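Asks: Pasting a predicted model and its sequence here:
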Amino acid sequence: MITVDAALAHLMALISPLTSEHVPLIEAAGRVLSQDVTAKRDQPPFAASAMDGYAMRADEVEQHSILKIIGESAAGHGFDGHIKPGQAVRIFTGAPVPQGADFVVIQEDITRNGDLITIANIPSDNSNIRALGNDFTKGDAIAAPRLLTPNEVALLASMNIASVPVTRRPEVALISTGDELVMPGESPGPDQIIASNTFGLKAMLDALGAHARILPIARDTESSLRMAFDLAKGADLVITIGGASVGDHDLVGKVAGDLGMQRSFYKVAMRPGKPLMAGRLNNAAMVGLPGNPVSAMVCGHIFIAPMIRAMLGLSTQAPTPFTAPLSAPLTANGPRQHYMRAQLDQGRIHAFDRQDSALLTILAQANALLIRPPHDPPRAIGEQIAYLPI
Ligand code: AMP
Ligand code: MG
């Protein structure tokens, strides 16, 4: 049995960052930017009004000043002329500030009578003008790598970047194994249950920027498993679920070995998730996850998510845990690193009483995994404890 950190190091050695491709901007959200991109223009490309009002010379902005309106500047339709002393231009938000003007008095501070305006109220010091390039200028960079958020997509659009360089999505094949499993929506026999792990893992991995495929469930026979591995061909990462323990029907290790899997480890000193195996299978990384639903999902968070981030070129480091004070005591931990399903509430954390690795209802309520190192002593209320948000 190896430690969690050693297992992570082995897993990182099984994968490498993937190549880059270009996608249209509308498909860029959730993808990882693979190269720095630079703005193709200044924004705003001219001095722009930030308000609806009247553009004029700043040295004429005084309460009771009277000015003559000589035209209009609207968004998309600027005013061509030059403002001279005593003149003003009607202006709207986003419109170019006319030459000669360096101040916009908001319309609420103006009274208008035909072509003449009077500055009725003392205007604020704010010129209400957005300088050319005050958001960004041509050549300003968005640095890679980063997982693109909706906010960054808006920025890319504004920079006129219609095609975005991103890391290819990791292709992940997910294989459930077990005679007891049927797909959601099917009618299970009396001894059967619904496959849940592949669905939870697909949701997790797709959200990280991978593309996960759920393959047909492999039955507990060598031929069925072999067929599933065959269907997984072409994936960057093949994940099996279940069948990895030492029971008579646990065939994953044997079949993967027969197909040429070079095993890098089997069994990790952790709870849940001990019967984890990994290696290289042809051109793919292969990870055999334990079948218990919570074990599979916890191993997804602890091991598979960092692998996906590394394949995407984001980081080869597992996330650094946070700490929070305990709101309930903990008994001593055993010899394996324990990832306890926990709830972080208003800055304080407690582990759920029931930690059985089959309980998806508890996992669904958890928003954190509380981390207990091997042989961690009992912990009292208020003690700081490490956790990972999930
Ligand atoms: P195994 O490792 O195959 O012995 O499976 C351990 C436990 O996890 C058994 O109770 C299985 O029924 C359950 N299990 C295995 N695979 C899945 C799956 N894909 N979805 C839900 N439960 C599963
Ligand atoms: Mg099984």
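Replies: Happy to help now that I have it. Ligands and ions are numbered 1, 2, ... in the order given.

Asks: How about the contacts made by the residue lying closest to Lys267 once chain neighbours are set aside?
Replies: In space, and not counting its chain neighbours, Lys267 is closest to Met1: 4.6 Å by C-beta to C-beta, 6 or more residues apart in numbering. Quick note: C-beta positions are derived from backbone N, CA and C, even for glycine. Going by C-beta atoms under 8 Å, 6 or more residues apart in numbering, Met1 touches 267-269, 274.

Asks: List just the nearest of those to ligand 1.
Replies: Distance to ligand 1, by C-beta to the nearest ligand atom, is smallest for Lys274 among these, at 10.7 Å.

Asks: related to what we said a few turns ago, between the contacts of Met1, which sits nearest ligand 2?
Replies: Here the nearest of the contacts of Met1 to ligand 2, counting by C-beta to the ion, is Lys274; it sits at 15.0 Å.

Asks: Does the closest one touch Tyr266 like I think?
Replies: No. Counting by C-beta atoms under 8 Å, Lys274 does not reach Tyr266; the two are 9.9 Å apart.

Asks: Show me the domain layout of the protein.
Replies: Following automatic domain parsing, one gets these domains for the chain: 4-17+169-311, 20-43+135-167, 48-130, 322-389.

Asks: among the contacts of Met1, which are within reach of ligand 1?
Replies: Among those, no residue is within reach of ligand 1 (C-beta under 6 Å from any ligand atom).

Asks: So which of these is surrounded by the most neighbours?
Replies: Val268 (27 neighbours; other C-beta atoms under 10 Å).

Asks: residues contacting that one?
Replies: So Val268 contacts 1-4, 7, 274, 276 (C-beta under 8 Å, 6+ apart).

Asks: For it, give me the pLDDT.
Replies: Among the per-residue scores, Val268 holds a pLDDT of 97.

Asks: any idea how far it lies from Pro321?
Replies: 17 Å (C-beta to C-beta, to the nearest Å).

Asks: got it, and Ile302?
Replies: From Ile302 to Pro321 the distance is 11 Å (C-beta to C-beta).

Asks: which residues do the two both contact?
Replies: Joint contacts of Ile302 and Pro321 (C-beta under 8 Å, 6+ apart) are Leu388.

Asks: These two - which one has more neighbours?
Replies: For Ile302 and Pro321, the more surrounded residue by other C-beta under 10 Å is Ile302, and the numbers stand at 25 against 15.

Asks: tell me the SS of that one?
Replies: helix (DSSP: H, G, I helix; E, B strand; the rest coil).

Asks: residue in this structure nearest to ligand 1?
Replies: For the chain, C-beta to the nearest ligand atom, closest residue to ligand 1: Gly291, 2.4 Å.

Asks: In a strand, that residue, correct?
Replies: No. If the criterion is three-state DSSP, then Gly291 is coil and not within a strand.

Asks: The closest residue to it other than its chain neighbours: how many residues sit nearby?
Replies: Nearest residue to Gly291 in three dimensions, chain neighbours excluded: Gly242, at 2.8 Å (C-beta to C-beta, 6+ apart). Number of residues near Gly242 (other C-beta under 10 Å) recorded here: 29.

Asks: And Ile381, by the same measure?
Replies: Ile381 - counted by other C-beta under 10 Å - has 12 other residues nearby.

Asks: what's the answer for Leu363, then?
Replies: Around Leu363 there are 18 residues (other C-beta under 10 Å).

Asks: What segments of the stretch 101-250 of the chain are helices?
Replies: 150-158, 197-207, 222-231 (DSSP state H, counting those that start in this stretch).

Asks: Now render these as CSV, adding mean pLDDT, mean neighbour count and distance to Arg354.
Replies: Output for those, formatted as CSV (pLDDT from 0 to 100; neighbours: other C-beta atoms under 10 Å; distance: least, C-beta to C-beta, whole Å):
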stretch, mean pLDDT, mean neighbour count, distance to Arg354
helix 150-158, 98, 15, 37
helix 197-207, 97, 19, 19
helix 222-231, 98, 16, 32
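
Asks: Enumerate the residues of the stretch 251-390 of the chain near ligand 1.
Replies: Residues of the stretch 251-390 of the chain lying near ligand 1 (C-beta under 6 Å from any ligand atom): 290-293.
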